[in-house]
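Visitor: Return a 3D structure for these sequence lines:
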Amino acid sequence: ASTAIITADCTINATAVFGGVDIYLPANVNVEVVSGGVFGGVENHRRFPAIEGAPTVYVNAAAVFGGVDIK
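Guide: So this is what the prediction gives:
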């Protein structure tokens, strides 16, 4: 397992086709999700309130017969 230290805004592009992608993010970042799915889905399981001034991780996700989970 590895731990990322996110100090600036960044973008993650994730595509799941007939499978799944799990994205684990630290609690000290904000997350914005743009997604689309065909017989699949994208779920943001994080329940943290927005943190003013914290970096934002932009997740562009697509799922086709699969799923992308943000944890």
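
Visitor: what's the neighbour count on Tyr24?
Guide: 12 (other CB atoms under 10 Å). C-beta coordinates here come from the backbone N, C-alpha and C atoms, glycine included.

Visitor: residues in contact with the nearest residue to it once chain neighbours are set aside?
Guide: Spatial nearest neighbour of Tyr24, chain neighbours left out: Lys71 (5.2 Å); criterion: CB to CB, 6 or more residues apart in numbering. When contacts are counted by CB atoms under 8 Å, 6 or more residues apart in numbering, Lys71 touches 22-25, 45-46.

Visitor: Go again with 10 Å.
Guide: 22-25, 43-46 (CB atoms under 10 Å, 6 or more residues apart in numbering).

Visitor: Output the below-cut-off pLDDT ranges for the chain.
Guide: Residue ranges of the chain with pLDDT under 70: 1-2.

Visitor: can you map out the strands along this protein?
Guide: Here the chain has its strands, by DSSP state E, at 10-17, 20-23, 30-38, 41-44, 56-64, 67-70.
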